[in-house]
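Q: My questions concern the predicted model and sequence given below.
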Amino acid sequence: MPLRLASYNIHRCYGRAGFYDPESIKAVLDTLDAHIIALQEVELLHRDPGLLDFLCVGKPWQALHDITMNRTSGHYGNALLTSLPILSIERHDLSVAGREPRGALHVILDNHGKKVEVMATHLGLRPAERRAQIQALLQRLQASPGEHTKVLLGDLNEWFLWGRPLRWLQRNFSATPAPRTFPARWPLFALDRIWVKPRRKLVRLSVPRSPLIRRASDHLPLVAELCD
């Protein structure tokens with residue numbers, strides 16, 4: 001069975017109808033049925049602090065949360081759901097002064113005795129932010145020794161096709177398809193990305209598009225299948 005990964009910006013569980021609807025997000029995640037899911041714009045509301053536990057109900061996932069902001073409404077940031085044993089966890093601060101705080105979850109997982117290194121993130125809105133953040137992430141991944149599988153995934157917020165961040169990523173991971181995922185109703189931009197090294201292990205990228213998925217968030221999920 002191929003290793004299945006996904007990246008999904010859940011927009012704080014506020015769908016197209018404009019109200020808080022974690023049930024729809026859970027239904028989408030259940031259909032993805034991935035071993036590793038990177039989530040962005042995750043907010044554990046003070047009135048609903050058990051959101052991540054709820055999203056894992058009925059699945060073999062455990063949840064990790066990377067809080068980048070403490071709001072009056074709750075704790076906001078990234079999350080990672082995985083059914084694989086976790087070997088190590090690091091949380092990297094990618095914040096740029098004067099901009100919204102950003103971070104990355106950096107985990108090493110055990111896939112039947114083989115290491116899989118995963119960097120899950122949500123990058124900034126300004127080009128200068130993204131350049132600094134991509135450089136920091138690539139330095140972390142390049143500093144990790146070994147020939148094991150490495151994955152960088154998340155909402156990269158990069159819509160400049162020939163911008164330096166994408167050129168740096170292609171140089172390090174090799175050219176990778178970029179299906180459009182935003183906005184969910186009529187996707188125009190490939191903001192959500194999954195990069196895999198070595199590239200030959202990435203066998204398929206897809207974007208599910210059911211009616212439920214189109215209304216659950218403002219992004220569509222991006223799904224990847226990896227071979228051994």
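A: Yep, that arrived.
Q: mind listing the strands for this protein?
A: Under the criterion DSSP state E, strands of the chain are mapped to 3-9, 36-45, 62-70, 74-82, 86-93, 103-111, 114-122, 149-155, 192-197, 202-206, 222-226.
Q: could you give the mean pLDDT of the top helix by length along the chain?
A: For the chain, the longest helix by residue count, based on DSSP state H, is helix 127-142. Averaged over helix 127-142, pLDDT sits at 95.
Q: before we move on, what about stretch 7-18?
A: Stretch 7-18 shows a mean pLDDT of 96.
Q: Can you list the buried residues in it?
A: Applying a neighbour-count criterion of 16 or more other CB atoms under 10 Å, one finds 7, 8, 9, 10, 11, 12, 13, 14, 15, 16 buried in stretch 7-18. Every residue, glycine included, has its C-beta placed from N, CA and C.
Q: neighbours of the closest residue to the fifth one other than its chain neighbours, just the number please.
A: The shortest distance from residue 11 to any non-neighbouring residue, by CB to CB, 6 or more residues apart in numbering, is to residue 217 (4.4 Å). Summarising burial for residue 217: neighbours were counted as other CB atoms under 10 Å, giving 27.
Q: picking that back up, helices or strands next to the longest helix of the chain in the packing?
A: Helix 127-142 sits against strand 86-93, strand 103-111, strand 114-122, strand 149-155, helix 164-173, with contacts defined as 3 or more CB pairs under 8 Å, 6 or more residues apart in numbering; DSSP states H and E.
Q: The ones you listed: lowest mean pLDDT?
A: Among the helices and strands packed on helix 127-142, helix 164-173 scores lowest, at a mean of 94.
Q: could you check the angle strand 149-155 makes with that one?
A: If you take axes from the mean of the first three to the mean of the last three CA atoms, to 10 degrees, helix 164-173 sits at 160 degrees to strand 149-155.
Q: packing partners for helix 164-173?
A: Applying 3+ CB pairs under 8 Å, 6+ apart, we find helix 164-173 packed against helix 127-142, strand 192-197.
Q: Could you find the closest non-adjacent residue to residue 33?
A: residue 4 is the one closest to residue 33 (CB to CB, 6+ apart), at 6.9 Å.
Q: just checking, the one you found touches residue 227?
A: No. Applying CB atoms under 8 Å, one finds residue 4 not in contact with residue 227, separated by 11.1 Å.
Q: More neighbours: which of these two?
A: residue 4 (17 against 11).
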